[in-house]
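>>> sequence? don't have it. structure:
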């Protein structure tokens, strides 16, 4: 934590700002008001709507690989208008948005990018790393934390093994998966208003389950998602397709959640013509096992579902603080970390767990579908 943290010598990070430089300090807002008129403020990305209207000139995104990638998408136009700058400092977390940004920067002469491993900085002796290895620290964490490896598996990820299996299949299950107009499209939601709403778009084709599209945003009412599903909304990267829809699976709390309306989300979606199904609430262990099982017969479009795939890769377990197992390895709770990635994972669970047939491989016959 920048605001309260210290370096290894015990010097507070905020001492980088001599008291002569600022005339006001607000701890509750984590803000320094500098005498030259500038403001230095520490802001979290857990609720990215707070970034609206910030209008910064310079931004430092600490641990960018752990942040909601939508934060950069929101801030970027502000910096462009202000002819501002941004610094990204982070440790790799697999092939996620941090990996993509690093490679983009390497290929762009207007950007500067470098990767500094422990061998470059020599800030920690190799003997200390060997002690960590001998005490049972997982090799993937060593490679990630000390050697800045983007290839190391993400420790504690719920779906890392099955996603790796999907990629290693010949042909890969994560590839180009076109929309088939002969089959209906079913959807699964995770609902949020101030928080993120995520939607997966899928098709049942024979014995295959295909994830063909993904969409997420925040702070919008249900009418916005109807425009998305009708193909009437352009996001920043592409135009949503107009599909022939079957069941629209909402999470169990859709009967209570209202998203800024007097009506529940279920009622709002029904009034807009969707064939709404409200899903059951599942035990987390059953949910994770069921999604893993379904993923083994699923094909995913790597381009249109890129953000959704990132969320599945970043969907990780909570670490029990200050505890290790007898082998010295971290102890994980079977509870997910609630971060930007949990919304996409929850939407997929809503879709798969409620659509999943009694026995995987025996898919139900679809009801008559319709076009919005």
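That came in fine, so what should we check first? Bear in mind the structure is a predicted one, so any value in this text is a computation, not a measurement.
>>> what's the local residue count around residue 132?
One way to gauge burial is a neighbour count; for residue 132, by other C-beta atoms under 10 Å, it gives 16. The way it works is simple: take the backbone N, C-alpha and C, and place the C-beta from them, glycine included.
>>> next one: phi and psi at it?
According to degrees, to the nearest 10, the main-chain angles of residue 132 amount to phi -60, psi -40.
>>> quick check: closest non-adjacent residue to it.
Closest residue to residue 132 apart from its sequence neighbours, by C-beta to C-beta, 6 or more residues apart in numbering: residue 142 at 6.5 Å.
>>> and what of residue 307?
With sequence-adjacent residues excluded and distances taken as C-beta to C-beta, 6+ apart, residue 307 is closest to residue 214, at 5.8 Å.
>>> distance of the one you found relative to residue 342?
Remark: distance between residue 214 and residue 342 (C-beta to C-beta, to the nearest Å) = 15 Å.
>>> next, give phi and psi for the residue lying closest to residue 177 once chain neighbours are set aside.
In space, and not counting its chain neighbours, residue 177 is closest to residue 301: 3.9 Å by C-beta to C-beta, 6+ apart. Taking degrees, to the nearest 10, you get phi -80, psi 120 for the backbone angles of residue 301.
>>> do residue 244 as well
Listed backbone geometry of residue 244 is phi -100, psi 110, with angles given as degrees, to the nearest 10.
>>> quick one: it from residue 303, how far?
When residue 244 is compared with residue 303 (using C-beta to C-beta), they lie 21 Å apart.
>>> got it, and residue 142?
Relative to residue 303, residue 142 is positioned 33 Å away (criterion: C-beta to C-beta).
>>> who's more crowded, the two?
Neighbours per residue (other C-beta under 10 Å) separate residue 142 from residue 303, with residue 142 holding more: 17 against 13.
>>> host element of that one?
According to DSSP states H and E, residue 142 maps onto helix 139-147.
>>> now do residue 112 against residue 105, distance only.
Spatial separation of residue 112 from residue 105 under the definition C-beta to C-beta is 7 Å.
>>> neighbour count for the two, which is higher?
Neighbours were tallied for residue 112 and for residue 105 using other C-beta under 10 Å; the higher tally belongs to residue 105 (15 against 9).
>>> for the more buried one, what is the enclosing helix or strand?
Here residue 105 sits within helix 97-106, counting by DSSP H and E.
>>> buried ones in the helix or strand just after that helix?
Using DSSP H and E, the helix or strand that directly follows helix 97-106 along the chain is helix 118-121. Neighbour counts over helix 118-121 (16 or more other C-beta atoms under 10 Å) mark residue 118 as buried.
>>> what packs against helix 118-121?
Contact partners of helix 118-121 among helices and strands, from 3 or more C-beta pairs under 8 Å, 6 or more residues apart in numbering; DSSP states H and E: helix 139-147.
>>> what's the following helix or strand after the helix it packs on?
Towards the C-terminus, the helix or strand next in line after helix 139-147, according to DSSP H and E, is helix 160-168.
>>> so which elements touch whatever helix or strand comes next after that next one?
Proceeding C-terminally, helix 160-168 gives way to strand 174-175 as the next helix or strand, assigned by DSSP H and E. In this structure, strand 174-175 packs against helix 160-168, strand 298-301, with contacts taken as 3+ C-beta pairs under 8 Å, 6+ apart.
>>> about what we covered before: neighbours around the residue nearest to residue 307, how many?
With neighbours defined by other C-beta under 10 Å, the count for residue 214 comes to 23.
>>> that one contacts residue 302, doesn't it?
No - contact between residue 214 and residue 302 fails when scored by C-beta atoms under 8 Å: they sit 11.0 Å apart.
>>> need the overlap of contacts for those two.
With contacts taken as C-beta atoms under 8 Å, 6 or more residues apart in numbering, residue 214 and residue 302 have residue 309 as neighbours in common.
>>> packing partners of the longest helix seen in the chain?
Scanning the chain for the helix with the most residues, using DSSP state H, yields helix 340-355. For helix 340-355, the packing partners by 3+ C-beta pairs under 8 Å, 6+ apart come out as strand 185-190, strand 196-205, strand 208-218, strand 244-250, helix 284-295, helix 306-313.
>>> quick check: the residue nearest to residue 177 touching residue 203?
No - contact criterion C-beta under 8 Å: residue 301 and residue 203 do not qualify, at 10.5 Å.
>>> the more surrounded of these two?
Remark: of residue 301 and residue 203, residue 203 carries more neighbours, 25 against 21, as counted by other C-beta under 10 Å.
>>> for residue 257, grab phi and psi.
Phi and psi for residue 257, reported as degrees, to the nearest 10, are phi -70, psi 140.
>>> that older thread, overlap in contacts, residue 301 and residue 203.
For the pair residue 301 and residue 203, residues contacting each of them under the criterion C-beta under 8 Å, 6+ apart are 210, 212.
>>> about what we covered before: which strand residues sit across from the residue nearest to residue 307 in the sheet?
The partner list for residue 214 in beta bridges (DSSP bridges) reads residue 200.
>>> got the contact list for it?
Per C-beta under 8 Å, 6+ apart, neighbours of residue 214: 198-201, 304-309, 344.
>>> in JSON lines: those residues, plus pLDDT and neighbour count.
Putting the contacts of residue 214 into JSON lines (pLDDT from 0 to 100; neighbours: other C-beta atoms under 10 Å) gives the following:
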{"residue": "198", "pLDDT": "95", "neighbour count": "28"}
{"residue": "199", "pLDDT": "96", "neighbour count": "25"}
{"residue": "200", "pLDDT": "97", "neighbour count": "26"}
{"residue": "201", "pLDDT": "96", "neighbour count": "26"}
{"residue": "304", "pLDDT": "94", "neighbour count": "22"}
{"residue": "305", "pLDDT": "95", "neighbour count": "24"}
{"residue": "306", "pLDDT": "92", "neighbour count": "16"}
{"residue": "307", "pLDDT": "91", "neighbour count": "18"}
{"residue": "308", "pLDDT": "95", "neighbour count": "26"}
{"residue": "309", "pLDDT": "94", "neighbour count": "23"}
{"residue": "344", "pLDDT": "96", "neighbour count": "27"}
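>>> all set now, cheers.
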